[in-house]
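Visitor: quick one, what's the 3D model for this:
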Amino acid sequence: MDIIYAIILGLIQGVAEFLPVSSSGHLVIAEALLQRLTDRALPQIFAGMTMEIALHAGTLFSIVVVYFRDLLALTRQWQRLLQILVASIPVACTGLFLRDMMSVAFNSALLAGCCLLFTAVILFCTRRCEQSAQQADSGRPLTLMRALIIGAMQAVAVLPGISRAGMTISGGLLCGLSGRESARFSFQLALPALGGASLLELIRLVQKETAVTAELLPLLVGAVVSFLTGLLALRWLLALLEHGRLHRFSMYCGAVGLLTIVWQLLAG
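Guide: Numbering: from 1, shown residues only. Model (predicted):
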């Protein structure tokens with residue numbers, strides 16, 4: 001049963017990580033639904049952030065595969081590396097100082113529903129920016145200040161239900177960047193954010209006094225499934241950005257958010 005759970009969550013993560021619908025929010029909601037449908041508590045490995053980080057590690061590798069050439073070129077682009085460093089500061093501070101609060105947040109489907117509504121509003125606000133980006137041959141250049149603004153929006157996305165891809169790509173569009181450049185910088189930013197979080201969680205897992213060998217198989221299965229589905233979802237997102245359709249996901253996020261809030265209020 002643990003493997004089936006891992007496959008389900010891996011599919012959700014792989015699709016929702018790159019589409020602007022919040023993979024973390026969907027995972028929290030999916031875990032609550034699974035617990036409700038099976039009428040039993042989920043295994044400890046699926047509670048909190050441990051499986052969440054493993055699934056993010058899978059999608060992290062899909063970014064490496066799709067943007068492999070760009071990542072190699074980064075070794076010679078010191079200005080872009082500085083922009084990534086500056087933009088990563090807000091999320092690093094959030095992760096270090098608010099980690100305990102985040103762990104609690106990842107157990108609340110109601111909070112995820114509310115945050116999905118916030119994501120819907122931000123995505124809807126990018127409609128005019130997408131239209132302008134479609135009409136213009138190229139967007140504004142990425143500066144350190146714009147990188148910091150995008151990084152601040154990424155820091156907000158540590159909460160389940162607020163899409164990291166949605167926030168960073170929307171931030172780029174709102175700053176005047178083209179859709180392609182917004183996506184490129186968004187997924188470059190994902191590498192230190194997701195990689196750092198995965199590393200910290202792995203260290204914490206290894207340092208546990210209890211044995212974790214039996215927990216590794218579902219973690220591995222979930223990561224592999226999220227990697228494979230992430231490849232497909234990432235390529236689809238890039239095609240959607242070419243046609244200026246990012247804002248359409250606001251309707252989906254709004255609907256799922258409202259349904260989740262109603263469900264949680266009635267269930268409570």
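
Visitor: now do the phi/psi pair for residue 155.
Guide: Residue 155 adopts backbone torsions of phi -60, psi -30, taken as degrees, to the nearest 10.

Visitor: burial measure for residue 64, as a count.
Guide: Residues within reach of residue 64, counting by other CB atoms under 10 Å, total 13. Glycine gets a C-beta too; all of them are placed from N, C-alpha and C.

Visitor: typed the wrong thing, it's residue 54
Guide: Counted with other CB under 10 Å, residue 54 comes out at 28.

Visitor: repeat that for the one 4 residues further on.
Guide: If you count neighbours by other CB under 10 Å, residue 58 ends up with 26.

Visitor: so who does it touch?
Guide: Residue 58 is in contact with 10, 13-14, 222-227, 230, counting by CB atoms under 8 Å, 6 or more residues apart in numbering.

Visitor: buried subset of the residues you listed as a PyMOL selection?
Guide: Burial among these is assessed by 16 or more other CB atoms under 10 Å; the matching PyMOL selection reads:
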select buried, resi 10+13+14+222+223+224+225+226+227+230
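
Visitor: what is the nearest of the contacts of residue 58 to residue 112?
Guide: residue 13 (14.0 Å; CB to CB).

Visitor: distance check, that closest one against residue 176.
Guide: Here residue 13 is placed at a distance of 31 Å from residue 176 (CB to CB, to the nearest Å).

Visitor: how about residue 164?
Guide: For residue 164 relative to residue 176 (CB to CB), the value is 21 Å.

Visitor: neighbour count for these two, which is higher?
Guide: Remark: of residue 164 and residue 176, residue 164 carries more neighbours, 28 against 17, as counted by other CB under 10 Å.

Visitor: quick one: the more buried one and residue 151 touch, right?
Guide: No - the pair residue 164 / residue 151 is not scored as a contact, 11.3 Å apart, by CB atoms under 8 Å.

Visitor: pull the contacting residues for the nearest residue to residue 20 once chain neighbours are set aside.
Guide: Using CB to CB, 6 or more residues apart in numbering and skipping residues adjacent in sequence, the residue nearest residue 20 is residue 166, 3.1 Å away. For residue 166, the contacting residues are 20-22, 119, 122-123, 157, 246, 249, 253, by CB under 8 Å, 6+ apart.

Visitor: try residue 234
Guide: With CB under 8 Å, 6+ apart, residue 234 has these contacts: 18, 62-63, 66, 187.

Visitor: quick check: closest non-adjacent residue to it.
Guide: Counting by CB to CB, 6+ apart, the nearest residue to residue 234 once its immediate chain neighbours are dropped is residue 18, at 4.4 Å.

Visitor: quick one, phi psi at that neighbour?
Guide: According to degrees, to the nearest 10, residue 18 has phi -100, psi -30.

Visitor: and the gap between it and residue 236?
Guide: Remark: distance between residue 18 and residue 236 (CB to CB) = 8 Å.

Visitor: just the helices in the chain please.
Guide: With DSSP state H, the ranges of helices along the chain come out as 2-18, 23-38, 50-66, 68-73, 78-97, 99-105, 109-125, 127-135, 144-156, 164-174, 179-206, 216-242, 249-267.

Visitor: just the ones you listed: most buried one?
Guide: helix 164-174 (a mean of 27; mean count of other CB atoms under 10 Å).
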